[in-house]
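1. sequence and predicted structure, then a few things I'm wondering about:
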Amino acid sequence: MSEKLVAIKGMNDILPPDSARWEWLEEKVRGLMARYAYRNIRTPIVEPTPLFVRGLGEVTDIVEKEMYSFEDKLNGDKLTLRPENTAGVVRAVAEHSMLYEGGKRLYYMGPMFRHERPQRGRYRQFHQIGAEALGFSGAEVDAELILLADQLWKELGIKDVRLELNSLGQPEERKAHRAALIAYLEQHTDVMDEEAKRRLHTNPLRILDTKNPAMQEMVNAAPKLMDFLGEASLSHFAQVKVILTANNVSFTINPRLVRGMDYYNLTVFEFITTSLGAQGTICGGGRYDYLIEMIGGKAAPAVGWALGVERVLELIKEQGLTVPQPVPDAYAVIPGAAALPVAIGCIQALRASGLSVQMHAPANSADGMGSFKSQFKKADGSGAKFALIFGSDELAAGKVAVKPLREGGGEQQLIALSDINELVTALR
Ligand code: ATP
Ligand code: MG
């Protein structure tokens, strides 16, 4: 036998019955996005590497160490498996001049790739659902996106999620803060780790985001960006807070919330749970008014978020919420192969009428269709509410037997094969 091939570490197969949970979540999201008038966008999984280097920032975890990058064998182009999808959406919006007639509200779902150490809630191929509103500068759209996420938690039945908010202000405000921060950090290099020292002059803001416990006290006392914000930034932030409060969304201000990409300005936020251990951030986002221009598009404001599907599903499991598993309405018991053409004709008509019918099929057809007993065992195991029995006596009379498999399913009935409407009624 050849060596067994297995999936790449940190990249998971999503199998039934678990995949039903994924489909359930995706359906909920589609319904919700439609109600907020967000439209679906699908962009490639591979993008030019410079899109992420320029978009996310050179001195970020993702660009420094997490990207799966490679060269196109034919022309040497530098390509990257997308580590996130805001940059890709922005690229597409600019490329197709999508903001020509005004703002666009978009959402996506799909796999992302980051070379991280696999652990609970952290994978190398993971999935995000994201919402982006481009071409709108007002705080009401920041609030709309937060309300949309909050509504999603409600509709999924998720509890114990808290919202943290911050404002990163505008570039010139960050510049003033940055100077003060560097001056402060330079006084405290004794407690800083190597990564922080390296970032001192390239990306000092990211030092505040450190997970190193030895540095917490030092970063807690660092100059706060909030104290450097001007009137316009403060009033934008105030309006977000007023709308959220008026709509009963509670939040806490976290002045150290800076997010992992450089592209954010003004509002940033994260939804965090304490039920998932260290990987507690289920959704994060913010405003990115300068990103479109940075990647070569016509300047336009934008705001968005992305949630981690694996973490949201894990949280649903953790909170004991049950997700419905699909079961067929009927299982077709077909005792003899001679009945197949008629039986399949009948179940095709039922499926076309919207019913779910699982057809019996033996593992090895050379042994025949299998005994009644073994077929009923399969019918029972399928979870179907009814067995449809295509026996030779029934077929000779132009009929099929409908046998309830669950309690409360009523009496067994014989129904004419030609009367699809009656069959549909009996199976519903
Ligand atoms: P973290 O701090 O946990 O690394 P992040 O700031 O890198 O998160 P974002 O880039 O903001 O995450 O992505 C949005 C969401 O995608 C996260 O809140 C998380 O739910 C999910 N996510 C990010 N990286 C991973 C991963 N490697 N595996 C699973 N989910 C992830
Ligand atoms: Mg990360």
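-> Right, received. Where do you want to start? Ligands and ions are numbered 1, 2, ... in the order given.
2. can you name the residues of the stretch 51-200 of the chain that neighbour ligand 1?
-> 84, 114, 116, 121, 122, 123, 126, 128 (C-beta under 6 Å from any ligand atom). C-beta coordinates here come from the backbone N, C-alpha and C atoms, glycine included.
3. change it to 8 Å
-> 61-62, 66, 83-84, 112, 114, 116, 121-124, 126-128 (C-beta under 8 Å from any ligand atom).
4. got a list of what residue 206 touches?
-> By C-beta atoms under 8 Å, 6 or more residues apart in numbering, the residues touching residue 206 are 59, 60, 199, 258.
5. quick one: buried ones out of those residues?
-> Buried members of these, scored by 16 or more other C-beta atoms under 10 Å, are 60, 199, 258.
6. and the residue of the stretch 301-428 of the chain found nearest ligand 1, bridged to which residues?
-> Closest to ligand 1 within the stretch 301-428 of the chain is residue 308: 2.3 Å, counting by C-beta to the nearest ligand atom. Beta-bridge partners recorded for residue 308 (DSSP bridges): residue 128.
7. skipping adjacent residues, who's closest to residue 406 in space?
-> What sits nearest to residue 406 in space, not counting adjacent residues and going by C-beta to C-beta, 6 or more residues apart in numbering, is residue 385, at 5.5 Å.
8. so the one you found touches residue 330, yeah?
-> Yes - with contact defined as C-beta atoms under 8 Å, residue 385 counts as touching residue 330 (7.1 Å).
9. same drill for the two, tell me which one is more crowded.
-> It is residue 330, of residue 385 and residue 330, that has more neighbours when counted by other C-beta atoms under 10 Å, with 27 against 18.
10. phi, psi of that one?
-> phi -140, psi 150 (degrees, to the nearest 10).
11. ditto for the one 3 residues further on
-> Note on residue 333: its backbone torsions stand at phi -90, psi 120 [degrees, to the nearest 10].
12. can you verify residue 178 is assigned to a helix?
-> Yes - membership of residue 178 in a helix is supported by DSSP: H, G, I helix; E, B strand; the rest coil.
13. number of residues surrounding it?
-> Neighbour count for residue 178, taken as other C-beta under 10 Å: 18.
14. for it, list the residues it contacts.
-> Going by C-beta under 8 Å, 6+ apart, the list of residues near residue 178 reads 204, 205.
15. give the closest residue to residue 347 in space, chain neighbours not counted.
-> Per C-beta to C-beta, 6+ apart, closest to residue 347 is residue 357, 4.4 Å.
16. distance of the one you found from residue 348?
-> 9 Å (C-beta to C-beta, to the nearest Å).
17. residues of stretch 117-134 that come out buried?
-> 118, 121-134.
18. now do stretch 314-325: distance to the chain's middle.
-> Offset of stretch 314-325 from its chain centre (C-alpha atoms, centre = their mean, to the nearest Å): 16 Å.
19. may I have that stretch as PDB, with CA atoms only?
-> Extracted C-alpha coordinates of stretch 314-325, given in PDB (Å, rounded to 0.1, in the frame of the first residue of the first chain):
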ATOM      1  CA  GLU A 314     -16.900  26.800  18.500                       C
ATOM      2  CA  LEU A 315     -18.700  29.400  20.700                       C
ATOM      3  CA  ILE A 316     -22.100  28.100  19.600                       C
ATOM      4  CA  LYS A 317     -21.000  24.600  20.600                       C
ATOM      5  CA  GLU A 318     -19.500  25.800  23.900                       C
ATOM      6  CA  GLN A 319     -22.800  27.500  24.800                       C
ATOM      7  CA  GLY A 320     -24.700  24.300  24.200                       C
ATOM      8  CA  LEU A 321     -26.700  25.600  21.300                       C
ATOM      9  CA  THR A 322     -28.000  22.900  19.000                       C
ATOM     10  CA  VAL A 323     -28.000  23.400  15.200                       C
ATOM     11  CA  PRO A 324     -30.600  21.400  13.200                       C
ATOM     12  CA  GLN A 325     -29.200  18.400  11.300                       C
END
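20. thank you, goodbye.
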